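**Student:** Show me how the following folds:
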Amino acid sequence: MITNRRAITRTALAIVVVVIIVLAGVGVGVYSYFQQQSSASSLTTAMTSTGLPQALTVDLKGSPDTLDPAMSFSGEGDEINGNVFLAPFYFANSTAKFFPITARSWTASPDGCSYTFNWRNDVYYSNGDPFNAYVVWWNIYRALYTQLGSAAQVSLTLKPAGVGGDTVTLGDVNSLNNPTNTPNNTLLSIMQNQNNAVVILNSTATTLNLSSPCFASNFLGLMAIGGIFFFMDPYFVEQHGGVFAGAANPYFTVHGSDVGDGPYVVQTYVPDEYAILVANPHYWAQNLSPSDPGYNYFTRPARIPEVVLNFKTDELTRALDIGSNRVQEAVIQFPDVKNVLEGDKNLYIPNWGPGGTMEFIGLDSLRPPLNNVLVRRAIIDAINLTAIQDSVYNGYAEPVVGPAMHGFFGYNESSPVFAPPTYNPTEAKQLLAEAGYPNGVGLRPLNFLVVSGSYLLRAGQLIAAQLAEVGITINMQVATEASQIAIAQSCCGNVTGYPDIQAAGFAYYPDMFAPASIIDMRFGAWFFFDNATIDNLIDEYIYSSNQTLRYQLVTEITMLVKQQAPVIWLAQDIDLPQTGNGVGPVVLNKCLVSDFVGNPYYWVFNGIPYTSVSWVCSPS
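**Tutor:** Now for the predicted structure:
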């Protein structure tokens, strides 16, 4: 089980510094919908002042790893950062259209390996410090030097600092240290060097030069989900320790930032206990005119003045809290959903649609007997996926054939390639016999690693029982999440003691390429599948700017992976913002409504934007 949004995926990233992109589809009507929804802000604020609650209390499944947006791996950290900071733009639909936020406009070079951005000149942080092109420069070089958390992505997209003609040093980065966020003449000349990864054209224009060969087709997608592109106030950071090479700033790990350019700020943060977000009292976007291109759903002000976020790892506590109205929103584990909803008719789960998380089982394709494709195919045929989806996920999941997912770029619902495998124990036995293991005779027991206390432990138990029916014996290995991550990154595939099978969850992350990290050994697959044909197709997908070709490549890669059977795709989550990844959906009190629908791009990666939530009554 993955209780943090990117835990296993980020483990792979830590090994090979690689992440994933799949762009989702939302629909061409999204922009007008969000424009219409923006007008609800003032009405809800007025209602709140007439007797509705001033605060919302939420139970999250754990504590943030850090509140530094460039360093965060956890869903909880990303959710807080996503409410405190704004990305340059956000996704509008699957044709790569975006809502402009702090970026007014942007253009790409003919080869797609450099982008020029024009920034708003009226954005400022909650402490009054201005946002400008120099702020963008500082944040990106900060990421290039720290190389931690989501900052590691940048090394694969932009020229690394101090390499290949780039002249920027760590001292240069830390020299931008004044409340106007403007450079002195010496630093300005460095910022204007055309050989650098980031080039300042003027105070409101920046050119970003990508590495070569470049991941041009998806660079804007990377920027639209925040992370290092949630731009912090340089002066505030410099006044609290500055930038470190290869290390996080300890102040923000412990305290978070009460200075941001988004609709909320962090008033209080107690690691492992709680955080309090309050409406940004000096929010730059609160008075935007409806005619302003930046006036949209994402920039509207906070509608609930205070949000209290409790970090509670115990699933029973979260269920009891939401059932007793101690909290009005909570992440509930899949097996508990039915009891929680039946126990209190005042609770519901919003219909957010397919999520960006996928549950799957990885098979160690390098180690005998799983290096035999017939054995791997037999395992898949012997598993009743429908029974697992019903009993383990309580219906909040749907069949999927990865590595793409429903609603995301390249997933062709009408193609037979994307039809889930059928439960066929008879064929499983035939395949085992062809592989030389009739009725499982001669097949050694397979070690199956799952995380203790997780719903995937239940899935593992069901799978073990189903495999036993065709003669395959499973030894369940139960470990903590930390132990599973350590095992996953510890060794190579064909080693005694290494698990044959691992259960995991995964969330797509839109930066450079789609299927690579979870199906290809070069890009981080911990079950060590390697296929030269698929490798070549992935490379073609990564470097192509032809969207039609890339769409076709997803189908071809999916077909080949399906034939090679290195992974069991259990399900794709439904109604599950990223804060529930690896646990279950978010349950709301009926007095709390969210109009955040139709755009999974955002909440897959940054949780629930609390500007989308409002009261319609007082919960009792």
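**Student:** any weak-confidence spans in the stretch 101-250 of the chain?
**Tutor:** 148-156, 159, 161, 163-164, 212-213, 215-217 (pLDDT under 70).
**Student:** just the helices in it please.
**Tutor:** In the stretch 101-250 of the chain, the helices defined using DSSP state H, counting those that start in this stretch lie at 133-146, 170-174, 185-191, 219-224, 234-238, 250-255.
**Student:** Would you mind telling me which of those helices is nearest residue 52?
**Tutor:** Comparison of those against residue 52 by Cβ to Cβ identifies helix 250-255 as nearest, at 31.0 Å. All C-beta atoms are positioned from the backbone trio N, CA, C, and that covers glycine.
**Student:** quick one on the thing from earlier: a markdown table please, covering the helices of the stretch 101-250 of the chain and showing distance to residue 610 and mean neighbour count.
**Tutor:** Shown next, in a markdown table, are the helices of the stretch 101-250 of the chain (distance: least, Cβ to Cβ, whole Å; neighbours: other Cβ atoms under 10 Å):
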| stretch | distance to residue 610 | mean neighbour count |
| --- | --- | --- |
| helix 133-146 | 23 | 26 |
| helix 170-174 | 32 | 19 |
| helix 185-191 | 35 | 14 |
| helix 219-224 | 19 | 23 |
| helix 234-238 | 22 | 22 |
| helix 250-255 | 20 | 16 |
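**Student:** Enumerate every residue touching residue 363.
**Tutor:** For residue 363, the contact set (Cβ atoms under 8 Å, 6 or more residues apart in numbering) comprises 370, 376, 379, 500-501, 527, 529, 565-568.
**Student:** at 10 Å what do you get?
**Tutor:** Neighbouring residues of residue 363 by Cβ atoms under 10 Å, 6 or more residues apart in numbering: 370-371, 375-376, 379-380, 446, 493, 499-502, 527-529, 564-568.
**Student:** Now render the helices of the stretch 101-250 of the chain as CSV, adding distance to residue 348.
**Tutor:** Putting the helices of the stretch 101-250 of the chain into CSV (distance: least, Cβ to Cβ, whole Å) gives the following:
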stretch, distance to residue 348
helix 133-146, 39
helix 170-174, 48
helix 185-191, 51
helix 219-224, 30
helix 234-238, 40
helix 250-255, 35
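**Student:** Relative to residue 202, which of these is closest?
**Tutor:** helix 133-146 (6.8 Å).
**Student:** for that closest one, the distance to its chain's centre please.
**Tutor:** Mean-position distance between helix 133-146 and its chain equals 22 Å (Cα atoms, centre = their mean, to the nearest Å).
**Student:** tell me what it is packed against?
**Tutor:** Using 3 or more Cβ pairs under 10 Å, 6 or more residues apart in numbering; DSSP states H and E, the elements in contact with helix 133-146 are strand 114-119, helix 170-174, helix 185-191, strand 198-202, strand 205-209, helix 234-238.
**Student:** Give the buried residues for the fourth one.
**Tutor:** Neighbour-count burial for strand 198-202 flags 198-200 (criterion: 16 or more other Cβ atoms under 10 Å).
**Student:** Tell me the one of these nearest residue 109?
**Tutor:** Distance ranking of the buried residues of strand 198-202 against residue 109, using Cβ to Cβ, places residue 199 first at 12.2 Å.
**Student:** Go ahead and confirm that closest one touches residue 189.
**Tutor:** No - taking contacts as Cβ atoms under 10 Å, residue 199 lies outside contact range of residue 189: 11.6 Å.
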